[in-house]
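J.: Turn this into a structure:
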Amino acid sequence: MDNAKIIKRLEKPKRKVDVVLDTDTYNEIDDQFALAYLIQSEEKLNLKAVYAAPFLNHHSESPEDGMQRSYQELFNCYKLMNETRYHEVTFRGSTQFLKDEQTPEESDAVRDLIDRSKNYSEENPLYVIGIAAATNLASAILLDPTIINRIVILWLGGLSYDWHDNKSFNSGQDVAAARVLLDSGVPLVQFPGKNVISAFTTTGPELEYWLKGKNKFCDYMIEKTAEEARICYGGSVWSRAIWDVVPVAWLLDGEFMLDTLIKSPIMQYNDYYSFDSRRHFIKYVYRIERDNLMDDLFTKLSKIPS
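T.: Numbers count the residues shown, from 1 in each chain. Sure, this is the predicted structure:
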């Protein structure tokens, strides 16, 4: 796909659009916030499917275990939100990360993404929000390279280009998948972690002030966020990034962030980027208007039915 077409498709949509969500929901706590925010943003977003992605950290014993736990956590969130609409369109993803940049990991999620994308086009793309390792997304591209003509990917992965390294959880879990994504020419919006999306943080007192007692989901997330902060930080004073919310907000009307066109970086295996001015364009988010976005998030979460 040439740069002119990529640039055109990277314009923010002015209409209501169809989206799918690829998420490692059990990994931390920000995926649950993102899922609920997406569901509560029906004025602009039609959630068509949800995919569980693999991950490996202190919450899982293997990438497959992480994916399975994420799949179950999705249904737990639906229950807390009194939601049943997405039960039949929630799919298990890959059970392991990519072995290399040529071999896909097939799964129900990957097959659904390929099949579902065939209902879309360059003029009317399916928006794919990826807030996990890119395993499922890269596998779909490897299995059907024509999919890049029918989708736009919003991916939270990699760190700021100004950061001193690129030790990102989402890209580092599956570097091969990140390379496939950034090399494929798919229209892509990148949301880098440290130094950009890491600005989107909240605290225990703030969560309690705005969300406590509003509904079961909010109370669950207050408790879960505090527990994750205890596990990761251990101190009595903490703040917690809930960065996975940000890609959802890019599709909404609101002054939530700033972005720019930039040539797609090359994700290297040594935890650094390389750059080549001959590559295709992507969109790069470089600033978050934290208070504007947090206000919208809290307003919508507080309206989840009890």
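J.: Leaving out sequence neighbours, find the closest residue to the residue nearest the centre of the chain.
T.: Nearest to the mean C-alpha position of the chain, counting by Cα atoms, centre = their mean, stands Ile131 at 2.1 Å. Excluding the flanking residues, the one nearest Ile131 by Cβ to Cβ, 6 or more residues apart in numbering is Asp244, at 4.1 Å. C-beta here means a position set from N, CA and C on the backbone, and glycine is covered the same way.
J.: just checking, that neighbour touches Asp24?
T.: No - with contact defined as Cβ atoms under 8 Å, Asp244 does not count as touching Asp24 (9.2 Å).
J.: Mind listing the shared neighbours of the two?
T.: Both Asp244 and Asp24 are contacted by 31, 131, under the criterion Cβ atoms under 8 Å, 6 or more residues apart in numbering.
J.: need the strands for the stretch 151-300 of the chain, in chain order.
T.: Assigned by DSSP state E, counting those that start in this stretch, the strands in the stretch 151-300 of the chain fall at 151-156, 188-191, 201-203, 239-241, 257-263, 266-267, 273-274, 281-288.
J.: ok, of those, where does mean pLDDT dip lowest?
T.: Mean pLDDT is lowest for strand 239-241 among the strands of the stretch 151-300 of the chain, at a mean of 92.
J.: Can you list the strands that it pairs with?
T.: Using DSSP bridges, strand 239-241 pairs in its sheet with strand 201-203 (antiparallel).
J.: circling back: could the strands of the stretch 151-300 of the chain go into a markdown table alongside mean neighbour count and distance to Glu228?
T.: A markdown table is the format used below for these (neighbours: other Cβ atoms under 10 Å; distance: least, Cβ to Cβ, whole Å):
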| stretch | mean neighbour count | distance to Glu228 |
| --- | --- | --- |
| strand 151-156 | 25 | 17 |
| strand 188-191 | 26 | 20 |
| strand 201-203 | 17 | 12 |
| strand 239-241 | 17 | 7 |
| strand 257-263 | 15 | 24 |
| strand 266-267 | 20 | 27 |
| strand 273-274 | 13 | 28 |
| strand 281-288 | 21 | 20 |
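J.: now those strands in a markdown table, with distance to Ala138?
T.: Shown next, in a markdown table, are the strands of the stretch 151-300 of the chain (distance: least, Cβ to Cβ, whole Å):
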| stretch | distance to Ala138 |
| --- | --- |
| strand 151-156 | 10 |
| strand 188-191 | 12 |
| strand 201-203 | 29 |
| strand 239-241 | 25 |
| strand 257-263 | 20 |
| strand 266-267 | 11 |
| strand 273-274 | 18 |
| strand 281-288 | 15 |
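J.: closest to Ala177 out of these?
T.: strand 266-267 (9.3 Å; Cβ to Cβ).
J.: For that closest one, give me every contacting residue.
T.: Strand 266-267 has contacts (Cβ under 8 Å, 6+ apart) with 158, 166, 171, 175, 178-179, 182-183, 273-276, 279.
J.: mind redoing it with 10 Å?
T.: Outside strand 266-267, the residues that touch it by Cβ atoms under 10 Å, 6 or more residues apart in numbering are 134, 157-158, 166, 168, 171-172, 175-183, 272-276, 279.
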